[in-house]
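In: Sequence below, structure please.
(one chain, ligands or ions: 1)
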Amino acid sequence: MTFGFKQFQTGHCYSYLLWDLNNKESVVIDPNIELMDEYRFFLADNKLRVKTAIDTHFHSDHLSATHIMKAEYGSSIAMSENTGSKRVDVKLKEGSKIRVGDISLEVLFTPGHAGDAICLRLVHHQSECIFTGCTLLIGAVGRVGLPGSDCGDFFKSLRRLEGLKDDTIIFPGRDPFGRLFTVLKKERNDNTEFNCESVERFTEIKSNQTVGTVTEEINRCFDYNRSASPSSFGDGIHRASVLTKSIKSDNSNFSCIGVTKYLKILESNSSDNSTLFLDVREQEEFNEARIPRHVNIALSNLAFSLNQIQEAKKVFILCLTERRSSLATRTLNYIGIKDVVLVNGGFRAWTQAGFPTVKAL
Ligand SMILES: [Fe+2]
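Out: Numbers count the residues shown, from 1 in each chain. Down below sits the predicted model:
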């Protein structure tokens, strides 16, 4: 990786930080006030500055933290020129580029879920990815029925995304099932809403969905996100359950293995290079102590290592416990990498069992 990348998650909502490894400038996409402590810790730990804070649209499901990024890090706030938000410094239009060090994000104007929705495309020599906000989700597209939603615009915006390359990585603004990303090929094959054959059919499908009305809670969220400097933290609405939903089960059945059996597998196929023993903890954790023969790909970098993962015939995944490994397993299963096994209890269970570990040199 020639740039830094971190995906943050709270409830169903995701946000992203990308940074230039040399000059330490970063851009944050869809910052969420629920995550401010995590951002502060991470930014300080990695000595990063936040040059730009972007909202992909006027959010109804969380409180944007762009104004806090501006107050604490001097970031400029960027949104679509069509937005109703009053806190914007940089108004983005179709084709605008956001540059942070060596990183360049290109703006695609994709209204539909919201009247000001944009997607941000990162073209990089190693991979191509796009941050889609609520426009293209995993196995679905964003809801309508919000102020500024329009099914006709939405349908057209989705047709634009269809033109991207098959292996483009899609980083959505949310997922109720905790899947981290998808790839365009998977959505082209299996996402019924994305692949709708006509605007009439699309409108029919979206109009019949029971997504609920625009509640008082959503209106308060809009008011907060519209304001240049909200006077309070939304009177506590960011703590309300409507905005901090927990991850749903997607009924996917993981293959799992206990650490005692895992030890036997590691010992028995020591010459087998077709199996990938994957540790998705952060590099610092991995360097401190690891299980022999494991490869480290931190959870946030999983999407950029798909080629390596796809080359393996079988993949075992662990983290410290099971939180990160279950997100990784769920995501890889979804995009079609089926022979993935989660190691129950992870590195902690392994060390508690007294099994061998090594330290990095
Ligand atoms: Fe949204």
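In: all helices in the chain, in order from the N-terminus.
Out: Assignment of helices within the chain using DSSP state H yields the ranges 36-45, 66-73, 151-162, 184-190, 199-207, 216-226, 259-268, 283-288, 306-311, 323-334, 346-352.
In: And the third one, what does it pack against?
Out: Same thing as helix 151-162. Here helix 151-162 touches strand 103-109, helix 199-207, going by 3 or more CB pairs under 8 Å, 6 or more residues apart in numbering; DSSP states H and E. For every residue, glycine as well, the C-beta is placed using N, CA and C.
In: Between helix 151-162 and the shortest one, find me the angle.
Out: It refers to strand 103-109. Relative orientation of strand 103-109 versus helix 151-162 (axes from the mean of the first three to the mean of the last three CA atoms, to 10 degrees): 140 degrees.
In: Do me a favour and average the pLDDT over strand 103-109.
Out: Mean per-residue pLDDT for strand 103-109: 96.
In: Pull the residues that contact that strand.
Out: For strand 103-109, the external contacting residues (CB atoms under 8 Å, 6 or more residues apart in numbering) are 3, 18-20, 27, 54, 80, 82, 92-99, 117-123, 130-131, 157, 160-161.
In: Partner strands of it, with direction?
Out: strand 97-100 (antiparallel), strand 118-123 (antiparallel) (DSSP bridges).
In: Which one, of those, ends up nearest to residue 260?
Out: strand 118-123 (42.7 Å; CB to CB).
In: May I have that closest one exported as CSV, CA atoms only?
Out: What follows is strand 118-123 as a C-alpha-only set of coordinates in CSV (Å, rounded to 0.1, in the frame of the first residue of the first chain):
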residue,chain,number,x,y,z
ILE,A,118,-21.8,12.1,-4.6
CYS,A,119,-19.5,9.1,-4.9
LEU,A,120,-15.7,9.5,-4.6
ARG,A,121,-13.5,7.5,-6.9
LEU,A,122,-9.9,6.7,-6.0
VAL,A,123,-7.8,5.7,-8.9
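In: just how off-centre is that strand within its chain?
Out: 13 Å (CA atoms, centre = their mean, to the nearest Å).
In: Just the buried positions in that strand, please.
Out: By 16 or more other CB atoms under 10 Å, the buried positions in strand 118-123 come out as 118, 119, 120, 121, 122.
In: contacts for it?
Out: Against strand 118-123 from outside (CB under 8 Å, 6+ apart): 18, 29, 54, 56-57, 79-80, 92, 98, 103-110, 128-133, 135-136, 161, 164.
In: Point out where the stretch 51-200 of the chain drops to low pLDDT.
Out: Scanning the stretch 51-200 of the chain with the threshold set as pLDDT under 70 gives 125-126.
In: Could you export the strands paired with strand 103-109 as JSON lines, including distance to residue 153?
Out: Listed next are these as JSON lines, based on distance: least, CB to CB, whole Å:
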{"stretch": "strand 97-100", "distance to residue 153": "23"}
{"stretch": "strand 118-123", "distance to residue 153": "13"}
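In: Can you say which of the ones you listed is nearest to residue 329?
Out: strand 118-123 (25.4 Å).
In: can you count the residues close to the residue lying closest to residue 226 once chain neighbours are set aside?
Out: The shortest distance from residue 226 to any residue other than its chain neighbours is 5.4 Å, reached at residue 85 (CB to CB, 6 or more residues apart in numbering). Counted with other CB atoms under 10 Å, residues neighbouring residue 85 total 21.
In: for residue 80, same thing?
Out: Residue 80: 27 neighbours (other CB under 10 Å).
In: So it versus residue 194, what's the distance?
Out: Per CB to CB, to the nearest Å, residue 80 is found 21 Å from residue 194.
In: got it, and residue 345?
Out: For residue 345 relative to residue 194 (CB to CB), the value is 37 Å.
In: Also residue 293?
Out: Counting by CB to CB, the gap from residue 293 to residue 194 is 39 Å.
In: what do you get for residue 97?
Out: Distance from residue 97 to residue 194, by CB to CB: 26 Å.
In: Show me the shaky parts of the stretch 251-361 of the chain.
Out: For the stretch 251-361 of the chain, residues meeting the criterion pLDDT under 70 lie at 251-252, 270-271, 360-361.
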